[in-house]
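**Student:** Structure here, sequence nowhere to be found:
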C-alpha cells in the first residue's frame with residue numbers, strides 16, 4: 001500500500017499559491033496525468049495563467065471565485081470544475097480566515113484543442129475581440145527639438161499609420177492623431193542652444209516634423225499643437241483639479257537636486273547621472289535603458305547638464321501621484337489589454353519592486369502652470385499633462401470628423417462601448433503608458449475604457465550605433481525620401497522593425513532588400529504576369545476554367561497568407577515584420593505557382609486550366625494591392641488601378657475569402673505600379689537639419 005498525505009512541509013510555490021505534487025509518483029507509478037493538492041491562502045489568488053493541458057479542480061474545502069476570461073463564478077466545497085486547454089483562468093479565495101483547498105488534475109490531449117468545449121472557449125475569446133465602430137489611434141508625441149530621422153519613423157509613427165489604414169480597410173472609423181510635445185523641458189533647453197525662445201523653437205521644429213511625416217506618407221487626421229489647441233489646456237486644468245480635489249494628489253516635501261551655480265531646480269533635461277536601477281547613464285525621471293522611473297534625486301553621481309557641476313539637495317514641496325493606490329486597477333488593465341512580453345514584464349517588474357509615488361509638479365518656468373493654490377509657480381509635469389492630452393485628441397478628432405455638437409466629446413472614443421483606443425510608443429515610454437497614464441486616467445474617471453492595445457517598439461540603430469543628431473549620426477526622413485520612394489522606405493522599416501528587440505539599419509542592407517524583395521520580387525513577378533495576360537488573353541482578365549489540385553492548393557495558400565498578413569496588422573497581434581515578410585512570401589508563392597503553370601502551354605487541350613492559373617495569379621495580385629495598402633499606400637493604389645478597378649482602393653474592404661478580379665476586366669501596366677525613384681532632391685538636406693538641431697531628438701515626452 002502506498003499513501004501520500006497532505007503535508008505543508010512538501011509545499012512548493014507555483015502559480016502564486018502553495019502546491020504539493022502527487023502524480024507521477026516517483027518509484028511507484030507513472031500516470032498519464034499530473035496532479036497536486038493546492039492551497040490558496042485567505043484572500044489570495046492564483047496568478048492569471050493558461051496552459052495547453054485540460055485541467056479539473058476538485059474543491060475539498062473553502063470557498064472562492066473562479067474567473068475564466070471575463071466570466072466569474074462562485075465555487076465551494078464539493079464543486080468540480082473542468083477547464084479546457086488555453087482557457088485563461090484564476091482562482092481567488094474569498095474567505096478572510098480559511099484556506100481554500102482543492103485537488104487539481106491535468107493532462108494533455110490535443111484532441112481537446114478541437115473539442116466543442118474548447119471551441120466554445122475560443123468563440124468566447126473571439127467575441128471579445130469584435131472590432132468597435134471607431135478607434136482612436138495615437139502615437140507618442142514627438143518633442144519639437146529636432147526633425148524626424150529613420151529611428152523615429154521606424155517606431156510609433158509608422159506603426160500608428162499602418163494600424164489606422166488597416167482598420168479602415170476593415171470598415172472601422174479609424175482616426176490617427178498625435179501632436180508635438182511643446183511643454184517638454186527639452187524644448188526649452190534646445191531652444192537655448194539655438195538662441196531661440198521655447199515657443200519659437202517649438203513652432204519651427206514642429207513644422208519640420210509635419211513636413212517629414214507628410215513626405216513619409218504618414219497620414220494624420222490631426223497633428224495637434226497643445227498650446228494652440230482649443231481643448232488641451234482646459235482639459236489639463238480640469239484633469240489636474242479633479243485629481244487634486246478628490247485626494248488623488250498629495251502634497252509632500254522631499255529633497256530634490258538643485259544647481260546653485262545655475263540657480264535651477266534639476267529634473268528631466270536639466271540633469272543626468274547613473275540610473276538607480278540599472279546603472280546606465282540616464283536623464284532625470286526615466287531611464288531609456290531599463291525604462292524604469294527615477295526621481296532625479298536618486299541618480300548616481302548626477303551632474304547639471306548646463307554647467308556640468310554637481311548638484312546639491314534642497315527640500316521642495318511638490319504634488320505627488322501615489323501610484324501604489326492603483327495596483328489592482330493596473331493589474332486588471334494588464335489582463336485586458338494587448339501588449340508585448342517586454343512591456344508586460346516591465347509592468348510586473350515595477351509592481352514587484354513597489355509602485356513609486358510620482359512627482360507631478362516641478363519648480364520650473366516652462367509648461368502649464370499648476371492650477372492649485374500655493375503651487376502656481378510650479379508647472380504640471382508633462383506626463384501628468386499627457387493623460388488629458390489623449391482626451392483632447394479625441395475631442396479634436398470629433399471636430400475634424402464633423403460629429404454633431406451634441407455628440408462631440410472625448411467620451412466618444414474613451415467611454416463609449418462602440419469606441420476604442422490603440423496607443424503606439426517606444427520602449428523608453430513603457431512605464432508611462434503601461435502604468436502611469438492608465439492609472440491617472442482611471443483616477444480621473446473610473447468609467448474610462450483604457451486602450452485595447454499598447455504597441456511598443458525597441459530602439460532602431462544606424463550602422464550599429466544609436467541615432468544621434470548631436471553626433472551627426474542620423475539619416476533624416478526627408479533626406480531618405482529624396483532618394484527613394486516613401487513606399488520603399490516604409491517597406492524596409494517594416495522589414496527590419498525593432499518590435500521585439502533592437503534592430504539595425506544599414507544602407508547596403510536596405511538597397512539589397514529593396515532590390516530583392518520589391519524591385520525584382522514584386523516588380524519582376526508583376527511584369528511577367530502582365531506580359532502573360534497581354535499575350536494570352538488580349539490584356540483582359542480571363543474567366544476561370546478547369547481546376548487542378550495545384551490550383552486548389554494555391555487558392556488556399558492565398559487565403560492563409562492573407563490571414564497571416566492581416567494578423568500582422570491587427571492591433572492586438574501587431575507585427576510590421578510579419579506583415580512585410582508576408583507580402584514578400586505572397587509574391588514568392590505566386591511567382592513559383594506561375595512558373596510551374598507555364599508547363600500547360602505545351603498541352604493544347606489544357607486551355608481551361610491555363611485560364612484558371614492566370615486568374616489565380618491575378619487574384620494574388622489583387623490581394624497584394626489590398627494587403628500592401630496599409631504599408632505601401634502609393635504602390636497599392638497604383639496596382640489597384642492597373643488591375644482595372646475604377647473605384648478607389650480606399651473603398652475596398654478586406655475580404656475573408658478573396659473575390660476574383662472580374663473576368664473580362666482590362667489590365668494596365670502592372671509592373672509600372674512600383675513608384676519610380678525620385679529624380680531630384682526635395683525638402684531639406686540632413687546637413688541643414690544637423691545645423692539647426694543642437695541636441696539629441698527625443699521621440700516623446702520621456
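**Tutor:** Good, I have the coordinates. Note that the coordinates shown come from a computational prediction; the quantities given were computed from them, not determined experimentally. Numbering: from 1, shown residues only.

**Student:** Low-confidence ranges, the stretch 401-550 of the chain, go.
**Tutor:** Counting by pLDDT under 70, the stretch 401-550 of the chain shows low-confidence ranges at 469-471.

**Student:** 80 instead?
**Tutor:** In the predicted model of the stretch 401-550 of the chain, residues 468-472 satisfy pLDDT under 80.

**Student:** any idea where the strands of it begin and end?
**Tutor:** Taking DSSP state E, counting those that start in this stretch, the strands of the stretch 401-550 of the chain run over residues 419-426, 453-457, 460-462, 465-466, 503-505.

**Student:** go on, the stretch 151-300 of the chain?
**Tutor:** 173-179, 222-224, 250-259, 264-265, 271-274, 281-283, 300-304.

**Student:** Nearest to residue 238, out of those strands?
**Tutor:** strand 222-224 (17.3 Å; Cβ to Cβ). Where you see a C-beta, it was placed from the backbone N, CA and C, and this is true even at glycine.

**Student:** quick revisit: dump the strands of the stretch 401-550 of the chain into a markdown table; add mean neighbour count and distance to residue 203 as well.
**Tutor:** Below are the strands of the stretch 401-550 of the chain laid out as a markdown table (neighbours: other Cβ atoms under 10 Å; distance: least, Cβ to Cβ, whole Å):
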| stretch | mean neighbour count | distance to residue 203 |
| --- | --- | --- |
| strand 419-426 | 26 | 24 |
| strand 453-457 | 26 | 28 |
| strand 460-462 | 20 | 28 |
| strand 465-466 | 12 | 28 |
| strand 503-505 | 18 | 30 |
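
**Student:** Adding distance to residue 88, write the ones you listed out as JSON lines.
**Tutor:** As requested, the strands of the stretch 401-550 of the chain are exported to JSON lines (distance: least, Cβ to Cβ, whole Å):
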{"stretch": "strand 419-426", "distance to residue 88": "20"}
{"stretch": "strand 453-457", "distance to residue 88": "17"}
{"stretch": "strand 460-462", "distance to residue 88": "33"}
{"stretch": "strand 465-466", "distance to residue 88": "38"}
{"stretch": "strand 503-505", "distance to residue 88": "31"}
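
**Student:** Just tell me which of these ends up closest to residue 86.
**Tutor:** Closest to residue 86 of the strands of the stretch 401-550 of the chain is strand 453-457 (Cβ to Cβ; 20.0 Å).

**Student:** Give me the helices and strands touching the closest one, please.
**Tutor:** helix 158-169, helix 341-353, strand 419-426 (3 or more Cβ pairs under 8 Å, 6 or more residues apart in numbering; DSSP states H and E).

**Student:** which other residues reach that strand?
**Tutor:** Judged by Cβ atoms under 8 Å, 6 or more residues apart in numbering, the contacts made with strand 453-457 from elsewhere in the structure are 154-156, 159-160, 163, 337-340, 342-343, 422-427, 429-430, 433-434, 497-499, 571-572, 574.

**Student:** returning to that earlier point: with residue 188 as the reference, name the closest of the strands of the stretch 401-550 of the chain.
**Tutor:** Put simply, out of the strands of the stretch 401-550 of the chain the one that sits nearest residue 188 is strand 419-426, at 21.8 Å, with distance taken as Cβ to Cβ.

**Student:** where along the stretch 451-600 of the chain do the helices fall?
**Tutor:** Counting by DSSP state H, counting those that start in this stretch, the segments of the stretch 451-600 of the chain that form helices are 477-481, 486-495, 507-513, 523-537, 549-569, 576-597.

**Student:** could these be laid out in a markdown table, adding distance to residue 267 and mean neighbour count?
**Tutor:** Listed next are the helices of the stretch 451-600 of the chain as a markdown table, based on distance: least, Cβ to Cβ, whole Å; neighbours: other Cβ atoms under 10 Å:
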| stretch | distance to residue 267 | mean neighbour count |
| --- | --- | --- |
| helix 477-481 | 30 | 25 |
| helix 486-495 | 33 | 25 |
| helix 507-513 | 38 | 14 |
| helix 523-537 | 52 | 18 |
| helix 549-569 | 39 | 17 |
| helix 576-597 | 34 | 20 |
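
**Student:** Can you add distance to residue 239 and give those back as TSV?
**Tutor:** As requested, the helices of the stretch 451-600 of the chain are exported to TSV (distance: least, Cβ to Cβ, whole Å):
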stretch	distance to residue 239
helix 477-481	33
helix 486-495	35
helix 507-513	43
helix 523-537	51
helix 549-569	33
helix 576-597	33
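
**Student:** Ok, which of the ones you listed comes nearest residue 167?
**Tutor:** Among those, helix 549-569 comes nearest to residue 167, with 8.4 Å by Cβ to Cβ.

**Student:** Could you measure from the nearest residue in space to residue 608 that is not next to it in sequence over to residue 609?
**Tutor:** Sequence neighbours aside, residue 545 is the residue nearest to residue 608 in space, at 2.9 Å (criterion: Cβ to Cβ, 6 or more residues apart in numbering). Separation of residue 545 from residue 609 (Cβ to Cβ, to the nearest Å) stands at 6 Å.

**Student:** would a markdown table of the strands of the stretch 151-300 of the chain with distance to residue 56 and mean pLDDT be doable?
**Tutor:** Converted to a markdown table, the strands of the stretch 151-300 of the chain look like this (distance: least, Cβ to Cβ, whole Å; pLDDT from 0 to 100):
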| stretch | distance to residue 56 | mean pLDDT |
| --- | --- | --- |
| strand 173-179 | 43 | 97 |
| strand 222-224 | 53 | 95 |
| strand 250-259 | 48 | 96 |
| strand 264-265 | 60 | 96 |
| strand 271-274 | 52 | 96 |
| strand 281-283 | 50 | 94 |
| strand 300-304 | 52 | 97 |
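
**Student:** Just name the most buried of these.
**Tutor:** Among these, strand 173-179 has the highest mean neighbour count (mean count of other Cβ atoms under 10 Å), at a mean of 24.

**Student:** so what strands line up beside that strand?
**Tutor:** Each strand paired with strand 173-179, and its direction, by DSSP bridges: strand 134-139 (parallel), strand 222-224 (parallel).

**Student:** for these, which one sits closest to residue 590?
**Tutor:** strand 134-139 (30.9 Å).

**Student:** Tell me which residues are up against the closest one.
**Tutor:** 156-157, 159-160, 163-164, 167, 172-178, 390, 393-394, 397, 412-414, 418-425, 571.

**Student:** before we move on, the earlier item: in CSV: the helices and strands packed on strand 453-457, plus distance to residue 140.
**Tutor:** Formatted as CSV, the helices and strands packed on strand 453-457 follow (distance: least, Cβ to Cβ, whole Å):
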stretch, distance to residue 140
helix 158-169, 9
helix 341-353, 13
strand 419-426, 4
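
**Student:** Residue 486: which of the ones you listed is closest?
**Tutor:** helix 158-169 (10.5 Å).

**Student:** any idea of the angle that closest one forms with strand 419-426?
**Tutor:** Relative orientation of helix 158-169 and strand 419-426, computed by axes from the mean of the first three to the mean of the last three Cα atoms, to 10 degrees: 150 degrees.
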